[in-house]
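*Asks:* any chance you could fold what I've pasted below:
(one chain, ligands or ions: 1)
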Amino acid sequence: MMAGHGADAVGGPARHIPVLLDEVLAALAPAAGDLVVDGTFGAGGYTRAILDSGASVLAIDRDPDAIEAGRALEREADGRLRLVQAPFSELDAHVATADGVVLDIGVSSMQIDQAERGFSFQRNGPLDMRMGQAGPTAADAVNHLPADDLSRIIHIFGEEPKARAIARAIVAARGEKPITTTAELVAAIERATGRQRPQDRIHPATRTFQALRIHVNGELDELVAALHAAEEVLRPGGRLVVVTFHSLEDRIVKRFLTARAGKLPAASRHVPETTLGPAPSFTLAYKGHLGASPAEAHANPRARSAKMRVGVRTAAPPMPDMTGEILVSATAGGRH
Ligand SMILES: C[S@@+](CC[C@H](N)C(=O)[O-])C[C@H]1O[C@@H](n2cnc3c(N)ncnc32)[C@H](O)[C@@H]1O
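*Replies:* Next up, the predicted model:
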């Protein structure tokens, strides 16, 4: 077994506990000689377990810190692990064929727990939020975007009912002084929402922080592109396993796999569901999604909102690109 499968996993003190690990492994069913793409290396929890099965792994992460922390494991794996710093939307540029692709969407515990990365409303730090540590930051967005754009981002990506008021409060606050820290952003949000009351299930800044993170990292575009890229590289019988943590992402995965399995609802009830079109490029491993067991949800609160969906690649060629359609239907709040 690879070292660090347990308590000494890479990533320093803020250790990331892999979510749905047993379920992911069962779905991927990696075997010696297989090549699996782990598009979200993080602390390497999935990658280690896949390596233990005898398969090789191409592990991708856009965060240079995650890649750096994984170098020791790469050396240990004797040529069976290749680490690449890249966005997972580009996975097909790094591999021609694969037996499995796994994506565990979102941020790692290391990223959340490091105040200087600016992901957490509970830790004061620079308002950054860039997983890849390059390009515009969350501070750039809140200080420069027009109020309407901010409101739309917070409404769509955060599914925040008070988006308009929060955007106005941000614009008022930045008129006094640029917002450069997470604490200053929390204070601006609280001008619109008030402080968290005992009866509030979540902190008033939760949805706005989620929205800005999705915006800064182009997360929905990344996910849709990665699903299409996985369809390109997977061999017939290869598995696509995706774990998501909020409804926007899950809707995207569901929409993609349902369409790719030829199971989109008919546009009209007068049209039969099975009209002739391109052959399905995936079958569904099971109907719907899998979530964490009560024991895992109890042990790891992060697992509570996890949803896993699995597609099995057919021998049919990739189906036509449906990026625009998926993004529109996912962000329109449609539940398909
Ligand atoms: C939830 S963690 C993955 C944890 C991992 N499965 C484990 O067991 O340790 C998500 C990781 O994916 C990376 N990530 C998120 N979106 C990405 C993207 N579009 N391209 C590449 N990496 C991404 C993040 O930087 C983070 O390290």
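
*Asks:* what's the single longest strand in the protein?
*Replies:* Secondary structure of the chain per DSSP state E: the longest strand is strand 234-244.

*Asks:* hmm, who's touching the helix or strand following that strand?
*Replies:* Per DSSP states H and E, the first helix or strand lying C-terminal to strand 234-244 is helix 247-260. The contact list for helix 247-260 (Cβ atoms under 8 Å, 6 or more residues apart in numbering) reads 105-106, 157, 159, 214, 219-220, 223-224, 227, 231, 240, 242, 244, 264, 280-282, 284, 289, 307, 309, 311, 319, 322, 326-327, 329-331, 334-336. All C-beta atoms are positioned from the backbone trio N, CA, C, and that covers glycine.

*Asks:* helix 247-260 vs the ligand: in contact?
*Replies:* No. Using Cβ under 6 Å from any ligand atom, helix 247-260 stays clear of the ligand, with a minimum separation of 10.4 Å.

*Asks:* which helices and strands does whatever helix or strand comes next after that helix pack with?
*Replies:* Once the chain leaves helix 247-260, the next helix or strand it forms, by DSSP H and E, is strand 282-284. Strand 282-284 makes packing contacts with helix 247-260, strand 307-313 when contacts are defined by 3 or more Cβ pairs under 8 Å, 6 or more residues apart in numbering; DSSP states H and E.

*Asks:* now do 6 Å
*Replies:* When contacts are defined as 3 or more Cβ pairs under 6 Å, 6 or more residues apart in numbering; DSSP states H and E, strand 282-284 sits against strand 307-313.

*Asks:* what sits up against the strand it packs on?
*Replies:* Strand 307-313 is touched from outside by 20, 23, 27, 234, 236, 238-244, 250, 253, 257, 282-283, 285, 289-291, with contacts defined as Cβ atoms under 6 Å, 6 or more residues apart in numbering.

*Asks:* and it, average pLDDT?
*Replies:* Model confidence over strand 307-313, given as mean pLDDT, is 98.

*Asks:* near the ligand, anything from it?
*Replies:* No. Strand 307-313 lies out of reach of the ligand by Cβ under 6 Å from any ligand atom, never closer than 11.8 Å.

*Asks:* now do stretch 204-224
*Replies:* Yes. For stretch 204-224, a contact with the ligand is found by Cβ under 6 Å from any ligand atom, at residue 222.

*Asks:* cool, and stretch 16-35?
*Replies:* Yes. Counting by Cβ under 6 Å from any ligand atom, the ligand is contacted by stretch 16-35 at 16, 18.

*Asks:* which non-adjacent residue is nearest residue 302?
*Replies:* In this structure, residue 302 finds its nearest non-sequential neighbour in residue 19, 6.2 Å apart by Cβ to Cβ, 6 or more residues apart in numbering.

*Asks:* doesn't the one you found fall inside a strand?
*Replies:* No. Judged by DSSP: H, G, I helix; E, B strand; the rest coil, residue 19 forms no part of a strand; its state is coil.

*Asks:* and it, how many neighbours?
*Replies:* Look at residue 19: counted by other Cβ atoms under 10 Å, it has 23 neighbours.

*Asks:* switch to numbering from 40
*Replies:* Renumbered: residue one is now 40, and that last one reads residue 58.

*Asks:* check it and give its pLDDT.
*Replies:* The model's pLDDT for residue 58 equals 97.

*Asks:* so what does it have for phi and psi?
*Replies:* phi -100, psi 140 (degrees, to the nearest 10).

*Asks:* work out for me the element residue 237 sits within.
*Replies:* Following DSSP H and E, one finds residue 237 outside all helices and strands.

*Asks:* got phi/psi on it?
*Replies:* phi -60, psi -30.

*Asks:* got it, and residue 143?
*Replies:* According to degrees, to the nearest 10, residue 143 has phi -120, psi 90.
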